[in-house]
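**Student:** Just a sequence and a predicted model for now, questions to come.
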Amino acid sequence: MNDNPLGKDTIYPDIYSPDLLHPIDREKNRDQYISNNEINFHGVDIWNAWEFSWLDNSGRPFIGKLTLIFPSNSKKIIESKSMKLYLNGFSNSQYDSSTKVIELIQTDLSQLTKANVLVSFNKNEEEKDNQINPEVGCSIDNEDAKFFHSEIRTEELKTDKNNRIKETLYSEILRTNCPVTNQPDTGTVIIKYQGNKIHRGGLLSYISSYRRHNDFHESCVEKIFLDIKQLCRPDRLTVFARYNRRGGIDINPFRSDFEDEQVNLRLWRQ
């Protein structure tokens, strides 16, 4: 991690440079909480870069939302600050069309992560792609709960074995921290499941206990998924975190054992 730009003073280049990208081994990071033969989910990591810009051959600037979708089985992930540096490098680089830009980014990211990364670009005036989505499901943020801010409290996850249910719950109090800089990352976590009814107050206590937890977005969501799966034993489970943007980018990991499709939502804080 010594060559990781995160937490270091950095000059922001404005010319395309793929060497700025810093890949991190996804499997090595997962070894802290899961072995490969225990992975019982699939999913994606959705990145939305809301301030992406480049120039056409006449020098006219284009700006809009760049969306990057990484499969959860990619060998590598990209460290977020290096991604910001890389994308900023397009700001004064000239290209024939948005198609050329997309192809270039897709090639760079797919080669580094050793996976098929999906890339799309929408100009800001294409409002239908940038609409705020209503939250779906039931908020648990006003439930009676105990609050712990020192360590993750998996013991708060409990179910009612006499009440089988299918529901979607969400909480807007999700807060985790960057493992290098300790900067806070906040957002909404959506939990869709079918099985024994999960105690909502206990779930809120569990989510709030991540408040001082230091890890990458992807790892936090995978740990939430695995903890709920192991301790509550739902028949079906999806965990989808919509983190708020930092540095113009929001990162949104989606993990599920039954859903293949996910909508790239935009919640009100995003």
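**Tutor:** Arrived safely. Residues are numbered from 1 along each chain as shown.

**Student:** and residue 184, bridged to which residues?
**Tutor:** According to DSSP bridges, the residues that bridge with residue 184 are residue 177.

**Student:** I'd assumed residue 175 was in contact with it.
**Tutor:** Yes: contact criterion Cβ atoms under 8 Å: residue 184 and residue 175 qualify, at 5.7 Å. In short, each C-beta sits where N, CA and C put it, glycine included.

**Student:** So between the two, which is more surrounded?
**Tutor:** Per other Cβ atoms under 10 Å, whichever of residue 184 and residue 175 has more neighbours is residue 175, with 17 against 13.

**Student:** Can you pull the phi and psi angles for the more buried one?
**Tutor:** Phi and psi for residue 175, reported as degrees, to the nearest 10, are phi -150, psi 120.

**Student:** That one is in contact with residue 209, isn't it?
**Tutor:** No: with contact defined as Cβ under 8 Å, residue 175 does not count as touching residue 209 (10.3 Å).

**Student:** So what touches the helix or strand of the chain with the lowest mean pLDDT?
**Tutor:** Sorting the helices and strands of the chain by mean pLDDT, DSSP states H and E puts helix 26-30 at the bottom, at a mean of 87. The contact list for helix 26-30, computed with Cβ atoms under 8 Å, 6 or more residues apart in numbering, reads 36, 39, 74-77, 216, 218-219, 222.

**Student:** Can you flag which of those belong to strands?
**Tutor:** Here DSSP state E is the test, and the contacts of helix 26-30 give 76-77 as lying in strands.

**Student:** Please type out the ChimeraX selection for whichever of the contacts of helix 26-30 turn out to be buried.
**Tutor:** In ChimeraX, a selection of the buried entries from those looks like this (16 or more other Cβ atoms under 10 Å):
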select :74,76,77,216,218,219,222
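
**Student:** Mind putting the contacts of helix 26-30 into TSV with distance to residue 145 and pLDDT?
**Tutor:** Converted to TSV, the contacts of helix 26-30 look like this (distance: Cβ to Cβ, whole Å; pLDDT from 0 to 100):
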residue	distance to residue 145	pLDDT
36	34	62
39	30	81
74	35	96
75	38	95
76	37	96
77	32	96
216	26	94
218	26	96
219	24	95
222	23	96
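
**Student:** and which of the contacts of helix 26-30 is nearest to residue 170?
**Tutor:** Comparing the contacts of helix 26-30 against residue 170 with Cβ to Cβ places residue 222 closest, at 18.1 Å.

**Student:** Following the host helix or strand of residue 191 in sequence, what is the next regular element?
**Tutor:** Counting by DSSP states H and E, the element that carries residue 191 is strand 184-198. Moving toward the C-terminus from strand 184-198, the next helix or strand (DSSP H and E) is helix 200-208.

**Student:** which helices and strands sit right next to that following helix?
**Tutor:** When contacts are defined as 3 or more Cβ pairs under 8 Å, 6 or more residues apart in numbering; DSSP states H and E, helix 200-208 sits against strand 159-177.

**Student:** buried sites along the strand it packs on?
**Tutor:** Applying 16+ other Cβ under 10 Å to strand 159-177 flags 159, 169-177 as buried.
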